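*Asks:* Okay, sequence plus prediction incoming.
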Amino acid sequence: MGAKVGGASGGSMDEINVTPLIDIVLVLLIIFMVITPMTVQKLPTELPPKDDAPPPPPDPNKKQLMVAVYKDNTFALNLQPITEEKLRTELEAQLKGRVSDERNVFIDAHPDAKYEVVVHVADLSREMGAERVGFADLKDEGPVQLTPEQLLQMSAPPPADPAAPTP
């Protein structure tokens, strides 16, 4: 137990015997290690109410801007083939009328397209006013390049309903 009185020279000793302190700390550590797993309780949580209402449908007038960069380094805006000059003017025109949160441009690039071209399209999008430029990876083989026949079908107006009465 520990106190030494006097030293080799017969005077008082200035050191504290820390052995009993270490013993007490180790015993307390063991006690807390044993008690801690037993005292862990579940915390009550309050979850928000379940909302069964479907989200509102997206506005059909606001199209997402998707720029495709094909294998031959040509561009398309929303599947319509376009030159770089027209891409610049179209992006500027479509981004100008949008609020800040809706100025998003997505780029879908073919894996074999040149890196410089893809970066150039991203920079061009930012220059024309895009707040955020994202990269879409829709297919492993890259964006689909439409044939001229498919492009004509997309641009043609839908056929009139023959059963509808004409006024």
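*Replies:* Received it, and whenever you're ready, just let me know what you need.
*Asks:* can we go C-alpha only for contacts and neighbour counts from here?
*Replies:* OK.
*Asks:* Which residue comes closest to the residue nearest to the spatial centre of the chain once chain neighbours are left out?
*Replies:* Residue closest to the mean C-alpha point of the chain, counted by CA atoms, centre = their mean, is residue 134 at 9.3 Å. Residue nearest to residue 134 in three dimensions, not counting chain neighbours: residue 106, with 4.7 Å by CA to CA, 6 or more residues apart in numbering.
*Asks:* Under a three-state scheme, what state does that neighbour occupy?
*Replies:* Of the three states, residue 106 takes strand according to DSSP: H, G, I helix; E, B strand; the rest coil.
*Asks:* gap between it and residue 31?
*Replies:* Residue 106 is 59 Å from residue 31, where distance means CA to CA, to the nearest Å.
*Asks:* Neighbour count for those two, which is higher?
*Replies:* Neighbours per residue, other CA atoms under 10 Å: of residue 106 and residue 31, the larger number sits with residue 106, 21 against 11.
*Asks:* From what I see, that one and residue 131 are in contact.
*Replies:* No - with contact defined as CA atoms under 8 Å, residue 106 does not count as touching residue 131 (11.2 Å).
*Asks:* Quick check: the residue nearest to the centre of the chain is in a helix.
*Replies:* No - counting by three-state DSSP, residue 134 is not part of a helix but strand.
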